[in-house]
Structures are given as structure tokens and as C-alpha cells.
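Novice: Pasted the sequence and its predicted model underneath.
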Amino acid sequence: MTQTIGYKQLVADAEQRIKSISASEAITEATSPDVVFVDLRDVRELKREGKIPGAFHCPRGLLEFWIDPECTYHKPVFAEDKHFIFYCNLGWRSALATDIAQKMGLKDVCHLEGGFEAWKNAGGAVEEK
């Protein structure tokens, strides 16, 4: 196999098309009832690390199916008129997921730059799983 593009380039390309917010901005937005944090990490990461309090867990591999209202796996949270902040551990998966979510039609979506690690380092609250 000859790889033509790596994950770093995919993430960099996505970051050119999406809005990113810092951990301090995300911490400020966490108090708004109009914000939904979407945790894209694996369930093992949640059990090990915890999550942003109140975050909706959507494993990265199911995102497209959960967003699409025509899919039997659709989750109603994605049809709500909310501001979605996607995050993963370091911000790579969330950059790609935010790009896909925008392409699928979610309008008010961004990703947490630096992911859950940045959130914790900025003093963000952690809900144990």
C-alpha cells in the first residue's frame, strides 16, 4: 500500500474548515443550557478518564449514523437547536468529526482544541464514569 495522505494532514485540512475553541472558552460555555458537549472517545477512555460533566457520549464510529435523521440509529439530541462542542482526547478525532458534522448539516458546531487533555489542564471539571 502506498499511503497518499496521513492523519496529520487530514486533521490539518479539517481544521481549516472548522471552528475551534480553546479549553478556557469551552469552560465558559459549559454553563450554557444551549451547549451540548459531545464526547467522541471510546467507552474505555470514559471509564478510565471520566468526562466533561453532562457530556453526551457518541463513539466516533457511530457519529454519522447518529446525526442522520433517516437512519434507524439517529439520536434526537442531534436534531436539537443547540451549540455542539465535539471533543476527544487530544483533538484529532474531534476535528475530523466536526468537519463531517458540518458536511452533514449541523450548523452550530465546533471542536475543543487540544481535547479532554486541554480541558483538564485548564482546570475544567471532570465527571467520573
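Specialist: All right, it came through fine.

Novice: Tally up the residues packed near residue 15, please.
Specialist: Residue 15 has 18 neighbours, counted by other C-beta atoms under 10 Å. All C-beta spots, glycine's among them, are computed from the backbone N, C-alpha and C.

Novice: Okay, and the spatially most central residue of the chain sits in which element?
Specialist: With distances taken as C-alpha atoms, centre = their mean, residue 86 lies nearest the centre of the chain, 1.7 Å away. Using DSSP states H and E, residue 86 sits in strand 83-87.

Novice: which other helices and strands contact that strand?
Specialist: helix 23-29, strand 35-39, helix 92-104, strand 109-112, helix 115-121 (3 or more C-beta pairs under 8 Å, 6 or more residues apart in numbering; DSSP states H and E).

Novice: end-to-end on stretch 68-79?
Specialist: 9 Å (C-alpha to C-alpha, to the nearest Å).
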